[in-house]
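Peer 1: how does the following fold in three dimensions:
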Amino acid sequence: MFDLLRNYIERFTSLPDEDWQLLLPHLLRKDLTKGACFSREGKICKEIGFVVSGNMRHYYTKDGEERTTYFYFENSMVTDYISCILGKPGSLTIEAMSDTSLIVFPYAILKSLYNQSHAWERFGRLLSEYLAAGLEERMTGLLMLNAEERYAQLLNSNRQKIIERIPQHLIANYLGITPVSLSRIRKRISKK
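Peer 2: Numbers count the residues shown, from 1 in each chain. Model (predicted):
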């Protein structure tokens, strides 16, 4: 099972066996039931997860209303990255949307590996760049595209798992619209 994580890391950079062995003793399997939280608003997140099976939702709460900003599926890393880096309570919640199996390890271990290995340091830099690019793309979509354009972009993206596995009301929430608006948009697009 841990090889899945290594394969993911090696999408960013090659990882010699001696560098992999530095992380291996710190890896644990963690199972979450549907509705359980990996990270909770107001708490400091201290670990990084890798989704082996299941899916999760990343959301913020404002005035009692949840605002979904990201979904995690198999073969993706999950954490409240800002909380880990700053060591401060997070402003988001990451919740299992189904029974989910993860590989987890402490962020502090990853941070220490940056000083022990050029491969780990390179992985950290490339992962940060990947996350920054994703955040920029998401922010640009929310600021520059109207709701129908955001939905069309989602349909034409590599994020088909969202369309296939996420309930419509949460897709609407992710797009920043109501479920009724999403239904109208879907109807208009299907007629084209």
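Peer 1: looks to me like Glu148 is in a strand.
Peer 2: No - Glu148 sits outside any strand when classified using DSSP: H, G, I helix; E, B strand; the rest coil, being helix.
Peer 1: what sits closest to Tyr114 if chain neighbours are left out?
Peer 2: Leaving aside its chain neighbours, Tyr114 sits nearest to Glu121 (4.6 Å; criterion: C-beta to C-beta, 6 or more residues apart in numbering). All C-beta atoms are positioned from the backbone trio N, CA, C, and that covers glycine.
Peer 1: now the host helix or strand of that neighbour: buried residues?
Peer 2: Using DSSP states H and E, Glu121 maps to helix 118-144. Residues 119-120, 123-124, 127, 141 are the ones in helix 118-144 that count as buried (16 or more other C-beta atoms under 10 Å).
Peer 1: you'd agree the residue nearest to Tyr114 is up against Lys111?
Peer 2: No - between Glu121 and Lys111 there is no contact under C-beta atoms under 8 Å: 10.4 Å.
Peer 1: show me this structure divided up by domain.
Peer 2: With domains defined by automatic domain parsing, the chain comprises 2-144, 146-192.
Peer 1: out of these, name the one with the poorest average pLDDT.
Peer 2: Among the domains of the chain, domain 146-192 carries the lowest mean pLDDT, a mean of 89.
Peer 1: any idea how far apart the tips of that domain sit?
Peer 2: This stretch, domain 146-192, spans 17 Å end to end (C-alpha to C-alpha, to the nearest Å).
Peer 1: can you give me the strands in this structure?
Peer 2: Using DSSP state E, the strands of the chain run over 28-32, 37-39, 47-53, 56-62, 65-72, 77-78, 93-96, 100-106.
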